[in-house]
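1. when you get a sec, could you give me coordinates for this:
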Amino acid sequence: MIPARRSAEANVRYPPIADIQRRWHAPLMRWALPFVGLAVALLNGCGSIRARHEQQIMDQVERTVVLGQTFMAKWSPPRPVAAYDRYYAWTEGGRKVEAVYTLYEGSPGRRWVARRELPLTMDGGCGFIRLHYDVAAKRVEWVQCNGFA
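-> Numbering: from 1, shown residues only. This is a model prediction of the structure:
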């Protein structure tokens with residue numbers, strides 16, 4: 001196959017890089033760059049503020065919850081909170097938190113997820129615990145172990 005010859009008209013549609021560079025001259029970039037930097041800084045700051053708030057909520061819940069006072073505790077005694085894989089989700093527009101503690105999902109740890117991503121099991125005794133926490137009142141509204149199938 002023989003390559004096509006280049007003609008002067010071939011480059012008319014797309015201006016050379018030097019022409020594009022002149023369109024975006026330095027004064028415009030010096031003016032816009034600080035705003036881009038500010039936007040990035042603010043967005044990173046918002047994420048870290050929310051993460052700190054969520055960490056505080058998890059700490060409050062884990063300090064407040066008493067796992068041994070559930071109906072199923074006499075048949076399936078709960079373990080210490082740190083032994084569970086703990087999932088937290090916002091409910092009621094951020095006024096309350098729903099949490100699921102499980103021994104069956106993975107390694108112990110804690111994380112925030114969307115409510116629809118909370119683990120769901122219909123049995124498991126105190127290997128699977130659900131609770132609701134009122135953020136404003138700073139109290140656990142209810143906590144329960146699952147039953148057995």
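2. who's in contact with Thr91?
-> Applying CB atoms under 8 Å, 6 or more residues apart in numbering, one finds that Thr91 lies in contact with 97-98, 115, 132. Backbone N, C-alpha and C define where each C-beta goes, glycine included.
3. which of the residues you listed has the most neighbours?
-> The member of the contacts of Thr91 that has the most neighbours, counting by other CB atoms under 10 Å, is Val97 with 24 neighbours.
4. what's opposite that one in the beta bridge?
-> Beta-bridge pairing of Val97, defined through DSSP bridges, involves Trp90, Tyr133.
5. residues in contact with it?
-> Shown in contact with Val97 (CB under 8 Å, 6+ apart): 57, 61, 88-91, 132-133, 135.
6. what segments of the protein are helices?
-> Along the chain, the stretches classed as helices by DSSP state H are 17-23, 26-64.
7. which of these has the lowest mean pLDDT?
-> The stretch with the lowest mean pLDDT among these is helix 17-23, which comes in at a mean of 56.
8. turn the contacts of Thr91 into JSON lines, columns for pLDDT.
-> Listed next are the contacts of Thr91 as JSON lines, based on pLDDT from 0 to 100:
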{"residue": "Val97", "pLDDT": "95"}
{"residue": "Glu98", "pLDDT": "95"}
{"residue": "Arg115", "pLDDT": "93"}
{"residue": "His132", "pLDDT": "94"}
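9. identify the farthest-apart pair in those residues.
-> Arg115 and His132 (11.7 Å; CB to CB).
10. can you list residues touching both of these two?
-> Overlap between the neighbourhoods of Arg115 and His132 consists of 91, 98, taking contacts as CB under 8 Å, 6+ apart.
11. surely Met58 touches Arg110?
-> Yes. Contact status for Met58 versus Arg110: in contact at 5.5 Å, counting by CB atoms under 8 Å.
12. need the overlap of contacts for the two.
-> The overlap between the contact sets of Met58 and Arg110 (CB under 8 Å, 6+ apart) consists of 86, 88.
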